[in-house]
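Q: structure for the following, please:
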Amino acid sequence: MDHGGPQLQHVELLQHEGRGGYTSDVCPGCPCPTSTPPQYQCQDCLDSQLYCGLCIIQYHIWLPTHHIEEWTGQFFQHISLKTMGLRVQLGHTIGKRCILPKKAFNDEFVLIDTNGVHEIGLDFCGCTTSQTHTKQLLCAGWYTSTSTDPRSATTFCVLHHYHVLSFESKTSTYEFYHSLVRLTDNTGLTRQKDRYESFMRMIRQWRHLVMLKRSGRGHDPSGVAGTSEGQCAVLCPACLQPGKNLSDDWQDAPKAKGWSGALIMSQLALWSFLAIDANFRLKRRAVSSDETDPSLSQGWAYFVEEKSYKSDILDRIGDIQEKSTCSNHNAVNMAETKSSQGLAAMGVGTVDCARHNMKRPNGVGDLQKGEKCHLWSCMLSLPPSHHLNYVARMIRFFVPKFHLPAHISKCQTIFYGEAPERGWSNINPVASSTKAMGPGCRRDTLDDHFGDWNWKKMVGLGSLLLLKIKEAQTEKAEHGAAFKEFDSVISSENRMAWKAEMEAWEENPNDTTVTNPLEPKGITITQASARLSLAQLEAEELERGVDLSLHPDVSPSVLVASGMDLEEEQRRLKVVADNLGVYATDTQKLSVLRTRISLRRKIDSWRQTQLLYVPSVQVLVTASATSDLNNAELIKLWLPSALNGNACDPHLQHIKWELQFAQAHDTLEELRQCLRVHCSLLNFKREWIRGQGANTRAQNALTHVHARQAACVKRYRTAWGALKRLAPILKKVDWHGRLQDLSDDDVKPLIDPFATQGEGRRRLTWIWMMDGVDGCADGEDVDGVRVEWCKSHARALRWAEEVDLLQEEMRRVLQFFNWQANWWEGQGAAAWDEGLRAYASQQANICHRLAARFHSIWAPFISPQDILGNLTAMLPIPGNMP
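A: Predicted coordinates:
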């Protein structure tokens, strides 16, 4: 017999629809056995017994939002406590009635709680010493959006519940409110009073009040009116915060220069890492206005102060955006042409802490025309705290890794890392609800979400920095050993020269006249340059009276080059023919047939000239005629690399070598370009393309690029095979230092979008190290070795600096929490109200406990002097989000 499983659960679930075992006619709550029969049950209480009406009312005097059901004799049906006669009295202790009760407006008060929307019987206190109706509601833990004749309210509990839920699930106010309506009545048969607009106002005000509360504005004597710009933002404890986690004389710390070792602590304390990016999904439609829907704050958190910001935009509306000189960056070059019809804002731009991905105070602003910006010219219009002396300070600009594949190679040598792109995945789901909001409501909502993002990042710094420093120490050891091994084979002359170049470039990062040692200087080898060189040699031979040509119009180099062109046409035709499939149309078959005929004629014409230079080919052609098919793409051309050394003129073989060698380099360059384009298209499709039509077009473009990429791989492998066959014939030694056998694992983009490793851990495949590689036996350029030596050295130093920087950030975090705890304790000591003192003490306790927790897990990686205060003497109070 089955005693469990779905059947048992199903039966028990149905049992709750009836009275179960509670069928007595005596109310268990009444002392008298002759009381009214029990017929009421509460859905929300743990007790499932039935009680009489008087007992149910008595038990729910201060639980007016519980769902009560009445047994009709056949089933339970919902009945409200107000209908049963329950009156909730405010202004007095529970159970006591006011001698002058005053009913709510029209006695139609609606209370919203976590389990539904309830109409309750509410009485305010009407005594002469009574508080206002709004304060009576607030004392009961109910929030209302109006101060006169309140008709609805929400419990603090449901406001806090939705507040956190909106952060985690990005649920809109509409969805949440109507889920509460369905919890109240899921049939739609009961007419309910709509309080959706009131709930929207209440949740918006709640967000604002909680922000002010957490930033300590209630403890400041100047009050809310004294709030300054950016003061309500959650700061990054690991970033530079003068007066909070830096010593008073931090600006006087000596600066370390040079490239020979890791940065010292004093220099690390002076670096800020900022990232700027834009998000075009956070649009706002042209609805409402700042006059109708103003923000509840004036730039107090993450958005800039709107009036000054828009005034500056109007002053510069006629400025022309500077065009990108690197790549076709549409976000910049087409900023003036982007359609903004029906939109008040095309998105937002943010300034983030690049290392910890936290939004900066006043670091968010609406975009009017794409990514159009004038940084330095706008500097004077910003608040004084945002002014930057870019003349006196050393500022380095980087291209984030996400955008690198679309940039030229010069840009790819100067980048730092990606931060803003990761943060957009958290905020993008909010775009569907904020795009239809008014300007003030949208800014307040996004400010709140950015604040929660910063808070989660801040409390997660303990595990984040711990993970990073463990990884950094491992990478430091591995890359240090790798560089030491690489450096041991470099001559002292090259080492000194390359080190001097790198140090000069590091000391002048923004000086474009200083050569970047990470950029290859090698001369690119191409087929066109090789053909030109061979033609020039033949012209010089003619001037000296030496003519090796056997045809008046076709020289030996032209013959071999033409043969290689025919070989490429054969490969292309074979791809087209193989893709025809079984159900090819007559038009497709005709096109392939015409191409085959044309190619066959070209081969026959070329063959006549080939026989003049290599007569022995005739025997090979005749011997293979019976095995060759009629398909022109399968005809063997018998180029010099396919012939035995004794059957071909060495001069032709030398020409073939030079052209094939150049073709291999040319093909690698084309392959690298295909990989760049493919990576860029793939990232663009994944991030921005939506809809079936757009995805189909994007996929077609990717397919076309991939076909070019596959053709390059085949062409290179053919060239590589030819070179391997010719090398022993021509006695080529150490020729393959530049080229290698191309495997499928080598065909990877410079920055693989699917790779799990970053730049600091990356190992380049050999195809990306071809612009000058290590010196060969014949004294060729060592440019590639220099670049890779510099990169290897930079990676080793980068991880050594990363360890030092992480230790410095750990110190900053601990000092910041210590400062913040002391600040809250000072606020509590000066407070006149017990609530203010309690909240300040709670926040100080949280700061102490965070510092103690972080220090305990960081202890193996930081010095003893980083212990700030008595971190172990913590109050045993459970920590909540402040």
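Q: C-alpha only now, for contacts and for neighbours.
A: Noted.
Q: residues in contact with Cys127?
A: If you count contacts by Cα atoms under 8 Å, 6 or more residues apart in numbering, Cys127 has them with 98-101.
Q: one more: Asn631?
A: Counted by Cα under 8 Å, 6+ apart, Asn631 has contacts Arg596.
Q: format the contacts of Cys127 as TSV; extra columns: distance to Thr585.
A: Formatted as TSV, the contacts of Cys127 follow (distance: Cα to Cα, whole Å):
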residue	distance to Thr585
Cys98	92
Ile99	95
Leu100	93
Pro101	89
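Q: got these as TSV, with secondary structure, neighbour count and distance to Val705 columns?
A: Formatted as TSV, the contacts of Cys127 follow (DSSP: H, G, I helix; E, B strand; the rest coil; neighbours: other Cα atoms under 10 Å; distance: Cα to Cα, whole Å):
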residue	secondary structure	neighbour count	distance to Val705
Cys98	coil	17	81
Ile99	coil	9	84
Leu100	coil	12	82
Pro101	coil	16	79
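Q: what average pLDDT does the longest strand seen in the chain get?
A: In the chain, with assignment by DSSP state E, the single longest strand is strand 358-367. On average, the pLDDT along strand 358-367 is 90.
Q: repeat that for stretch 75-83.
A: Taken as a whole, stretch 75-83 has a mean pLDDT of 92.
Q: tell me which residues in that stretch are buried?
A: 76, 78, 80-82 (16 or more other Cα atoms under 10 Å).
Q: which of those residues lies closest to Leu50?
A: Of all the buried residues of stretch 75-83, Leu50 sits closest to Phe76, with 11.1 Å by Cα to Cα.
Q: wait, doesn't the closest one sit right on Glu17?
A: Yes - counting by Cα atoms under 8 Å, Phe76 touches Glu17, with 7.3 Å between them.
Q: in contact with Ser172, which residues?
A: Shown in contact with Ser172 (Cα under 8 Å, 6+ apart): 166, 430, 433.
Q: got phi/psi on it?
A: The phi and psi values for Ser172, taken as degrees, to the nearest 10, are phi -80, psi 160.
Q: relative to Val364, how far out is it?
A: Here Ser172 is placed at a distance of 22 Å from Val364 (Cα to Cα, to the nearest Å).
Q: how many neighbours does the closest residue to Trp142 other than its chain neighbours have?
A: Using Cα to Cα, 6 or more residues apart in numbering and skipping the chain neighbours, the partner closest in space to Trp142 is Thr155 (4.3 Å). Neighbour count of Thr155, defined by other Cα atoms under 10 Å: 19.
Q: right, and Thr155 touches Tyr143 too?
A: Yes - the criterion here is Cα under 8 Å, and Thr155 meets it with Tyr143 at 6.1 Å.
Q: any idea of the mean pLDDT for the longest helix seen in the chain?
A: Longest helix of the chain, by residue count under DSSP state H: helix 783-830. With pLDDT averaged residue by residue, helix 783-830 scores 88.
Q: and it, how far out from the chain middle?
A: Between the centre of helix 783-830 and the centre of its host chain there is 21 Å, according to Cα atoms, centre = their mean, to the nearest Å.
Q: now do it: which elements does it pack against?
A: helix 265-268, helix 461-487, helix 492-507, helix 834-858 (3 or more Cα pairs under 8 Å, 6 or more residues apart in numbering; DSSP states H and E).
Q: how about a cut-off of 6 Å?
A: When contacts are defined as 3 or more Cα pairs under 6 Å, 6 or more residues apart in numbering; DSSP states H and E, helix 783-830 sits against helix 461-487, helix 834-858.
Q: so which bits of the longest one are buried?
A: Put plainly, it is helix 461-487. For helix 461-487, a neighbour-count test (16+ other Cα under 10 Å) marks 461-462, 465-466, 469, 472-473, 475-476, 479-480, 483 as buried.
Q: what of the last one?
A: Within helix 834-858, the residues that count as buried by 16+ other Cα under 10 Å are 836-837, 839-852, 854-855, 858.
Q: can you list contacts of the stretch of helix or strand Trp453 belongs to?
A: Per DSSP states H and E, Trp453 falls inside helix 439-459. The contact list for helix 439-459 (Cα atoms under 6 Å, 6 or more residues apart in numbering) reads 293-295, 302, 358, 434.
Q: before we move on, what about stretch 36-47?
A: Contacts for stretch 36-47 (Cα under 6 Å, 6+ apart): 25-27, 50-52, 66-71.
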